[in-house]
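Q: here is my input; please provide its structure:
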Amino acid sequence: MSQSIWERRQAVASRLEGHAQHERDVLTELTTTFTAASVPLEDVDPRGCLRASVAAVAQVAAGRPGFNLVLGAVGHGVRVQADENGHVTLSVVTMTTGEPAPRAVASELAALLWDR
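A: Numbering: from 1, shown residues only. Sure thing, here's the model as predicted:
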């Protein structure tokens, strides 16, 4: 069952479009979530770093049932959770003023990457 180059290109293009659509859906949900919480997303994430992080983490979360991680920004953060079916939900959380130890954050991120 040899696939032609055309069939492989089509498969890759389809996967890439699926990832792009998932990212658009996550960013739309993120905007909706912040609007519902009456928190201006532009004030929390003026450069778009939180949005990019949430979009990337949501891709990982979709493949890991039980995933639960909070990404923080100025005063607010986003909890990214995935249920047993891989459905990702986002919620706005208030962040405390204390910052987590950098080593703890780095080890959590490293563990996520190694599990993949």
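Q: quick one: mean pLDDT for the longest helix anywhere in the chain?
A: Ranked by number of residues, the top helix in the chain under DSSP state H is helix 5-36. Summarised as a single mean, pLDDT over helix 5-36 is 90.
Q: these two touch, right, His22 and Val60?
A: No - here His22 does not reach Val60: they are 11.4 Å apart, not a contact under Cβ atoms under 8 Å. Quick note: C-beta positions are derived from backbone N, CA and C, even for glycine.
Q: can I assume Leu69 sits in a helix?
A: No - remark: Leu69 does not belong to a helix; assigned using DSSP: H, G, I helix; E, B strand; the rest coil, it is strand.
Q: who are the contact partners of it?
A: Neighbouring residues of Leu69 by Cβ atoms under 8 Å, 6 or more residues apart in numbering: 57, 61, 79-81, 108, 112.
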